[in-house]
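Trainee: Mind looking at a prediction? Sequence and model below.
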Amino acid sequence: MIVREKDDYFIMITQHEHANISKKLVDYWKNNFLLRSKLREEADWAIRQHDRAWIPLDQAPEWNEEKQRPYSFVDYPIKKKLEAYQRGIQEIASQSLYAGMLCSMHYASFFAEDSEDEQIRTFILNERERQHQLFEMMEMDIPQDIYDLHFRRLQFCDDLSLYVCMQEPGISKEEEVPWFKDGFRQPFDFAPAGMIAHWADQETVSVDPFPFEEPFGIEIPYRTVYKKVIADKGLSEAFHEAGIHNQRVTFIRKGE
């Protein structure tokens, strides 16, 4: 779950809806940056499905007593989170070996290999083994640079979607989440230093360099979950009773 707190309520966006936005981003990816192919279709599908691990967790959101707010994907209890990641990767790999490998790489990249948490170290080792097995099972020889490009594109679309979901529309660069202040970390041939996004106004985000065919808009489904309703009925009931609204965001080139 993505959670933004206000005085009287929380803005809550499910992870799978955020993944839907990631897929809409990749639908507009410039064709001359990456030609369409069966392999690209599977890589695009991985982007659409990369957060399906969160579907059952977000259907039953949990309350963080310590912080007095709903758990988000950032602070969700690690044991449950890792178990969900493993289930989600397995579900994806059962439909596409290549998508499963990309998603496994993506989830493993969230953690430091020298983590002091034994659960995390075990997770990373298991996913490294899974990636090797999936690669061996694929009936094609995929060049390193191709799946590295697909992996970086998955991460960029994930990050840009998080950029518009995690932050208040129109926020200044100085107030942005630290993850995004200096741009996105993924280099590409057309953007060797990575890309940077900026809120031009409350409904418009510029991206530079611009990786898409043309400017386009997306909608972010979100729920406004009031704190009083949570106190009266509990988080899960309050979440499911809340109506779904849509925030419109248009991506443009810098200077437009």
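Mentor: Okay, I see it.

Trainee: What distance do you get for the residue most central in space within the chain to A19?
Mentor: The residue lying closest to the centre of the chain (C-alpha atoms, centre = their mean) is D158, at 3.6 Å. Per C-beta to C-beta, to the nearest Å, D158 is found 8 Å from A19. The C-beta positions use only the backbone N, C-alpha and C, and glycine is treated the same way.

Trainee: Now for these two: what residues contact both?
Mentor: I47, H50 (C-beta atoms under 8 Å, 6 or more residues apart in numbering).

Trainee: the strands in the stretch 101-250 of the chain, which residues?
Mentor: 196-201, 204-208, 216-226, 244-253 (DSSP state E, counting those that start in this stretch).

Trainee: would you list these in JSON lines and tack on mean pLDDT, distance to G170 and mean neighbour count?
Mentor: Formatted as JSON lines, the strands of the stretch 101-250 of the chain follow (pLDDT from 0 to 100; distance: least, C-beta to C-beta, whole Å; neighbours: other C-beta atoms under 10 Å):
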{"stretch": "strand 196-201", "mean pLDDT": "96", "distance to G170": "5", "mean neighbour count": "17"}
{"stretch": "strand 204-208", "mean pLDDT": "97", "distance to G170": "9", "mean neighbour count": "19"}
{"stretch": "strand 216-226", "mean pLDDT": "97", "distance to G170": "14", "mean neighbour count": "17"}
{"stretch": "strand 244-253", "mean pLDDT": "97", "distance to G170": "11", "mean neighbour count": "15"}
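
Trainee: Can I get these in TSV including distance to D27?
Mentor: Listed next are those as TSV, based on distance: least, C-beta to C-beta, whole Å:
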stretch	distance to D27
strand 196-201	18
strand 204-208	15
strand 216-226	9
strand 244-253	12
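
Trainee: Tell me which of the ones you listed sits nearest to A238.
Mentor: strand 216-226 (5.2 Å; C-beta to C-beta).

Trainee: The residue nearest to the centre of the chain against C103, yeah?
Mentor: No. Proximity of D158 to C103 does not meet the contact threshold set by C-beta atoms under 8 Å, at 10.5 Å.
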